[in-house]
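S.K.: fold the stuff below for me.
(2 chains)
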Amino acid sequence: MNPILDRTLRLAVICSVAALLLGFVNSLTAPQIEQHKKEELQRALNELVVSGEAGEAEALDNILVSARYPITDGGDLTGYILALNGSGYGGEMKLLASYSLDGTLLKAILMENNETPGLGKKAEKSEYMDKFIGRGQEGNPIPTVKSMLEKPDAVGGSTITFTGVSRALAAGSDYIREGN
Amino acid sequence: MKELTKGIYRENPIFVLVLGLCPSLAVTTQVVNGIGMGIGTMFVLICSNIMISLLKNVIPDEIHIPAYIVVIASFVTILDLMMQAYLPALSASLGVFVQLIVVNCVILGRAEAFASKHGVWDSVKDGIGMGIGFTLSLVLIALIRESLGAGTITLFPIESLGFNGEIRIPGLVNSPARVMTLSAGALLVMGYLKAAINGINERKGR
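M.R.: Numbers count the residues shown, from 1 in each chain, chains lettered A, B, ... in the order given. Now for the predicted structure:
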């Protein structure tokens, strides 16, 4: 047989066996992964609601704010949880944040991200968000550069992650204040 | 027995063969990451060593690198999916580094230098030995970097004992040497450990 054809065939066989194996493993693990993602989302939503309860998700046609969950307390709308998209050092980051109706950030969680472990990943800790919480209303914007913070030294981890997180949170606050 | 133990010290992948430095310097900011990365690499190393020693007569020399990469990448993807499904916490903390095992030179290096020339059983032992050596080295680097750089030692949390997975070292936790958790610290630790091991070996040789 032609040696080039022979090599091509062998490589093709190896690739197809590998693809078959991966397809099999994926079909085993996909439901589990889906389940974990759902649980994680639910846990995050429960944690974000300060009082009252979160409603069903409404998908939004916005690049920065991809969905909102209304928060109701005894039938009254008290705020929204927003699903936000930010861009960090390792690509896209997803955040969930709850706001009151005047745009004040109540709580925020960094969800899916590819930040560097030990550096940008520190933004997953709840203390990280403390510097943004309680800000966002008219005249008290969410800080988007470190110099706007009272203690800039306190920001551990990467500047790029900080910028990505803070811009996403600020965009969420703007979205709420614009009265959508 | 020689194939099994050589990876731990005499041919340690990090300190003697100097293979796979990029992930080892990147993930060793916390001990738990070192353990996770080490075990993940060991799994891929053993599986790819088995496959490659089985296929060594099937794969023609001209295309052996692409064929090895396909085999290695498949096992890494399997590992990644398994971790996401059954160990989501570890998968979240290792993040992008799991996928990066594909380009870890330890694995391709052992496939090329050992598994393609030896039988299956020897290749398994080589994979286990190199994997243990790699894991121990990562844990050693991480232990030094994390305790000096952050004043903590992060292990797996054990909920039944109320252990949250973090040991705080008194004195260091409030004023850690931050540089150790950054890239410069990784290179410093790596350099000193390599020097120490070279020194020991030289003294032995004399």
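S.K.: export stretch B:165-184 as PDB, just CAs?
M.R.: The C-alpha trace of stretch B:165-184 is given here as PDB (Å, rounded to 0.1, in the frame of the first residue of the first chain):
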ATOM      1  CA  GLY B 165      -9.400  22.300  54.700                       C
ATOM      2  CA  GLU B 166      -7.200  25.200  55.700                       C
ATOM      3  CA  ILE B 167      -4.400  25.100  58.300                       C
ATOM      4  CA  ARG B 168      -3.300  28.500  59.400                       C
ATOM      5  CA  ILE B 169       0.300  28.900  60.500                       C
ATOM      6  CA  PRO B 170       0.500  31.300  63.400                       C
ATOM      7  CA  GLY B 171       2.800  34.200  62.800                       C
ATOM      8  CA  LEU B 172       3.000  33.800  59.100                       C
ATOM      9  CA  VAL B 173      -0.700  34.200  58.300                       C
ATOM     10  CA  ASN B 174      -0.800  37.900  59.200                       C
ATOM     11  CA  SER B 175       2.400  38.900  57.500                       C
ATOM     12  CA  PRO B 176       3.200  36.400  54.700                       C
ATOM     13  CA  ALA B 177       5.900  36.900  52.100                       C
ATOM     14  CA  ARG B 178       3.600  37.500  49.200                       C
ATOM     15  CA  VAL B 179       6.300  37.100  46.500                       C
ATOM     16  CA  MET B 180       6.300  33.400  47.200                       C
ATOM     17  CA  THR B 181       2.800  32.900  45.800                       C
ATOM     18  CA  LEU B 182       3.700  34.900  42.600                       C
ATOM     19  CA  SER B 183       5.700  33.600  39.700                       C
ATOM     20  CA  ALA B 184       9.000  34.900  41.000                       C
END
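S.K.: look up phi and psi at the closest residue in space to residue A:26 that isn't next to it in sequence.
M.R.: Among residues not flanking residue A:26 along the chain, residue B:81 sits closest, at 6.1 Å (C-beta to C-beta, 6 or more residues apart in numbering or on different chains). Backbone N, C-alpha and C define where each C-beta goes, glycine included. Backbone torsions of residue B:81, given as degrees, to the nearest 10, read phi -60, psi -40.
S.K.: cool, residue B:154 as well?
M.R.: Main-chain dihedrals, residue B:154, degrees, to the nearest 10: phi -100, psi 120.
S.K.: pop the domain breakdown of chain A in here.
M.R.: Domain assignment for chain A, taken from automatic domain parsing, gives A:1-48, A:51-177.
S.K.: surely residue A:10 meets residue B:60?
M.R.: Yes. In this structure residue A:10 lies within contact range of residue B:60 using C-beta atoms under 8 Å: 6.5 Å.
S.K.: what residues does chain A have near chain B?
M.R.: A:3, A:6-7, A:10-11, A:14-15, A:18, A:21-22, A:25-26, A:28-29, A:32-33, A:36, A:40, A:90, A:113-119, A:121 (C-beta under 8 Å from any C-beta of the partner chain).
S.K.: contact partners for residue B:40?
M.R.: B:79, B:83, B:94, B:98, B:101 (C-beta atoms under 8 Å, 6 or more residues apart in numbering or on different chains).
S.K.: mind redoing it with 6 Å?
M.R.: Residues in contact with residue B:40 (C-beta atoms under 6 Å, 6 or more residues apart in numbering or on different chains) are residue B:79.
S.K.: which helix or which strand is home to it?
M.R.: Per DSSP states H and E, residue B:40 falls inside helix B:31-55.
S.K.: next, the buried residues of that helix.
M.R.: Within helix B:31-55, the residues that count as buried by 16 or more other C-beta atoms under 10 Å in any protein chain shown are B:31-53, B:55.
S.K.: and if you look at stretch B:187-205?
M.R.: Applying a neighbour-count criterion of 16+ other C-beta under 10 Å, one finds B:188-190, B:193, B:197 buried in stretch B:187-205.
S.K.: just the ones of those residues in helices?
M.R.: With DSSP state H as the criterion, helices contain B:188-190, B:193, B:197 from among those.
S.K.: and which of the residues you listed is nearest to chain A?
M.R.: residue B:189 (13.7 Å; C-beta to the nearest C-beta).
S.K.: can you pull out the helices in chain A?
M.R.: A:3-48, A:159-177.
S.K.: so which of those is the most surrounded?
M.R.: Of these, the one with the most neighbours on average (mean count of other C-beta atoms under 10 Å in any protein chain shown) is helix A:159-177, at a mean of 22.
S.K.: what residues does it touch?
M.R.: So helix A:159-177 is contacted by A:64-65, A:82, A:84, A:86-89, A:93, A:95, A:97, A:99, A:103, A:108, A:115, A:120, A:123, A:132, A:136, A:142, A:144, A:155 (C-beta under 6 Å, 6+ apart).
S.K.: just the buried members of those?
M.R.: The buried subset of the contacts of helix A:159-177 - by 16+ other C-beta under 10 Å - is A:64-65, A:82, A:84, A:86, A:88-89, A:93, A:95, A:97, A:99, A:103, A:108, A:115, A:120, A:123, A:132, A:136, A:142, A:144, A:155.
S.K.: the residue nearest to residue A:26: how many residues sit nearby?
M.R.: 20 (other C-beta atoms under 10 Å in any protein chain shown).
S.K.: any regions of chain B where pLDDT drops low?
M.R.: Applying pLDDT under 70 to chain B flags residues B:93, B:95-96, B:159-162.
S.K.: residue ranges of the strands in it, please?
M.R.: Using DSSP state E, the strands of chain B run over B:152-154, B:166-168.
S.K.: who in chain B is up against chain A?
M.R.: Within chain B, the positions near chain A by C-beta under 6 Å from any C-beta of the partner chain are B:29, B:33, B:60, B:62-63, B:67, B:70, B:74, B:77-78, B:81, B:84-85, B:88, B:93, B:95-96, B:181.
S.K.: give me every residue that touches residue A:129.
M.R.: Counting by C-beta under 6 Å, 6+ apart, residue A:129 has contacts residue A:108.
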